[in-house]
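Chemist: No letters, just coordinates:
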């Protein structure tokens, strides 16, 4: 993922999950979403959701769309004045097409690896942020004049994806989310490393990357100014979640230029570049890193270590932020796409954890273990048979699991994506604080740091989630649908994307991917891990839980290693509501499938159902539910009958 990374679960839905509404989206290095209507902060109303967070993204292609206006009221001229008369479909298409062009200019890189590396970074200064707020508010006013009921069925779907996306952009700008551009999981400076690791294919990519590195000092100054603005109002991540995160800055600020992470494209084979040009580009890149990039990182490191972290807030809850209750409720809508209260989600989590815990006890008995559940967890955490001896052992096992799925894929899916994916270790600068794995278009990153806490029994579920048929399968399918508007092709809605990937973990049992009771236990452990998030996230951000309470709850109910529990809890604390999207998204997909199976009976075709859900691309959960209902009404006919 440019970070198109982020993940999911499946099972029987809890009461209150039918009629799921809302939406989430994640693109680049951040995940953001869509939501439902509510009265928001500072006049925010009817907030329904959100697409790809524009904030710190640095991926994609600089559009040829010419403009000298990036800031100022003149930017509003990008959307032409539309007459209220005329074809509603054409009016809507004009709105989202023009806004997308403008968005690409504002945030170079949104189109990911399909386009050249951008030659610059986005502007993030307050004046630009105010312009964006006014621009998106103007878009909403134009959408108000579109009669949804008069749109064609396909444009109704586009409307239902697009409007919540824009409403969430407006909400983010009003809350000034850009003043907190870093958390324990991701940050604007680590985003640059994602670009350095992406495939470079042409001479333009290499030249543009050098140009982008030259833009780092300006970009960092603007980000630092935003972080400084957040400090006096207490709009920061909790201090305890930032401990040690300066190491990822120091790794770039120090050392030999040729060994620098940002020099990565020039250490690898330079595809499509003549040898004479290679030598020149390598020399220029090293010079830019030494003379421009490293001093900028050194300045950021000093600010982060000496000024920022010591003055960040000591509270944990999102509700302790300015207008915190409204902020957290909006984040729930943004990431889960549901109009549910924190308490409702908390209760769903408690019920799901209890159900899954019993299934885990059953799997323990199936393994032949004679002791009690806590002793079984201790056995799993300590017995060396469950752990790799070298990083390559772990990578090799993941590759075997991925190829095992390949042999089964045509039984469960009609349409298969063209894009392949690589399996690589999480880079050393990120690994100590990174999650166990992350997947996206063309890549499955596996964390090989601290091998005694990377059990084999979790690996099948993790691999199905992050690679195929999860993220590295679903995202390429969305990108291949050229008939859809670009804002949908490049969207990542967390409730959908993570919900689908979590569903794939449970689908693995149906596919015969779990060969031992321990691997089945690992799958259930991953399911309960996502269910505990519903309890822990709402507990911390709405019910006054301490970090110690959150750690103990996950220790008692999951089989996760201690190190991973700590990094996960810190992520939930620092990134309110994002972790809720996984399980709530899976519940929606599971419920849709259960209804289709019950209604269609023998006519139900698993390949057609999966194709119908994946053909949508990343959409709000209500759109998933509506598509499944149409699948039922069409007597189980999928979008690709010849393949299914």
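Modeler: In hand now; what should we look at? Note that this is a predicted model, so its numbers are computed, not measured. Numbers count the residues shown, from 1 in each chain.

Chemist: CA atoms for contacts and neighbours, from now on please.
Modeler: OK.

Chemist: what does stretch 424-437 contact?
Modeler: 184-185, 245, 247-248, 251, 395, 443-450, 454, 462, 466, 564, 567-568 (C-alpha atoms under 8 Å, 6 or more residues apart in numbering).

Chemist: ok, of those, which come out buried?
Modeler: Buried members of these, scored by 16 or more other C-alpha atoms under 10 Å, are 184-185, 245, 248, 251, 395, 443-449, 454, 462, 466, 564, 567-568.

Chemist: And the pLDDT at residue 110?
Modeler: pLDDT, residue 110: 86.

Chemist: three-state assignment of it?
Modeler: coil (DSSP: H, G, I helix; E, B strand; the rest coil).

Chemist: Please report the number of neighbouring residues for it.
Modeler: Around residue 110 there are 30 other residues, counting by other C-alpha atoms under 10 Å.

Chemist: these two touch, right, it and residue 489?
Modeler: No - using C-alpha atoms under 8 Å, residue 110 is not in contact with residue 489; the gap is 10.6 Å.

Chemist: Can you tell me the SS state at the residue lying closest to residue 240 once chain neighbours are set aside?
Modeler: Spatial nearest neighbour of residue 240, chain neighbours left out: residue 314 (7.4 Å); criterion: C-alpha to C-alpha, 6 or more residues apart in numbering. Secondary structure, three-state DSSP: residue 314 is coil.

Chemist: Any figure for the gap between residue 314 and residue 546?
Modeler: Separation of residue 314 from residue 546 (C-alpha to C-alpha, to the nearest Å) stands at 12 Å.

Chemist: Strands along the stretch 351-500 of the chain, start to end?
Modeler: Using DSSP state E, counting those that start in this stretch, the strands assigned to the stretch 351-500 of the chain run over residues 422-425, 437-440, 443-446.

Chemist: pLDDT below threshold where in the stretch 51-200 of the chain?
Modeler: Across the stretch 51-200 of the chain, the ranges flagged by pLDDT under 70 are 51-85.

Chemist: Count the residues that sit near the closest residue to residue 390 other than its chain neighbours.
Modeler: Take residue 390 and drop its neighbours on the chain: the residue closest to it by C-alpha to C-alpha, 6+ apart is residue 451, 7.4 Å away. Neighbour count of residue 451, defined by other C-alpha under 10 Å: 15.

Chemist: got the contact list for residue 451?
Modeler: 387-391.

Chemist: Residue 148 against residue 157, yeah?
Modeler: No - with contact defined as C-alpha under 8 Å, residue 148 does not count as touching residue 157 (9.8 Å).

Chemist: Between its first and last residues, what's the separation in stretch 404-423?
Modeler: End-to-end for stretch 404-423, by C-alpha to C-alpha: 15 Å.

Chemist: which parts of that stretch are buried?
Modeler: 405, 409, 412-415, 417, 421, 423.

Chemist: and for that stretch, what are the contacting residues?
Modeler: The contact list for stretch 404-423 (C-alpha under 8 Å, 6+ apart) reads 395, 398-399, 441-446, 464, 467-469, 472-473, 476-477, 480, 511, 513, 606-608, 610-611, 640, 643-644.

Chemist: mind checking how far residue 183 is from residue 434?
Modeler: For residue 183, the distance to residue 434 - C-alpha to C-alpha - is 12 Å.

Chemist: what does residue 161 give?
Modeler: Relative to residue 434, residue 161 is positioned 30 Å away (C-alpha to C-alpha).

Chemist: which of the two has more neighbours?
Modeler: Set residue 161 next to residue 434 and count neighbours by other C-alpha under 10 Å: residue 161 wins out with 30 against 22.

Chemist: ok, that one to residue 617 distance?
Modeler: 10 Å.

Chemist: How about residue 355?
Modeler: Taking C-alpha to C-alpha, one finds residue 355 at 31 Å from residue 617.

Chemist: Neighbour count for the two, which is higher?
Modeler: residue 617 (26 against 14).

Chemist: quick one, what contacts the closest residue to that one other than its chain neighbours?
Modeler: Excluding its sequence neighbours, the residue lying closest to residue 617 (C-alpha to C-alpha, 6+ apart) is residue 478, at 4.7 Å. Neighbouring residues of residue 478 by C-alpha under 8 Å, 6+ apart: 489-490, 614-618.

Chemist: switch to 10 Å and redo it
Modeler: Shown in contact with residue 478 (C-alpha atoms under 10 Å, 6 or more residues apart in numbering): 417, 441, 484, 488-492, 614-618.

Chemist: Let's see which of these end up in helices.
Modeler: Counting by DSSP state H, the contacts of residue 478 place 488-489, 614-615 in helices.

Chemist: Tell me which two of those residues sit farthest apart.
Modeler: 488 and 614 (12.6 Å; C-alpha to C-alpha).

Chemist: which residues does residue 264 contact?
Modeler: Contact analysis of residue 264 by C-alpha under 10 Å, 6+ apart lists 193, 195-198, 258.

Chemist: one more time with 7 Å, if that's ok
Modeler: By C-alpha atoms under 7 Å, 6 or more residues apart in numbering, the contact list for residue 264 reads 196-197.

Chemist: Just the buried ones among the contacts of stretch 424-437: which are in helices?
Modeler: Reading helices off the buried ones among the contacts of stretch 424-437 with DSSP H, I get 248, 251, 395, 462, 466, 564, 567-568.

Chemist: okay, among those, which ones form the most distant pair?
Modeler: 251 and 462 (28.1 Å).
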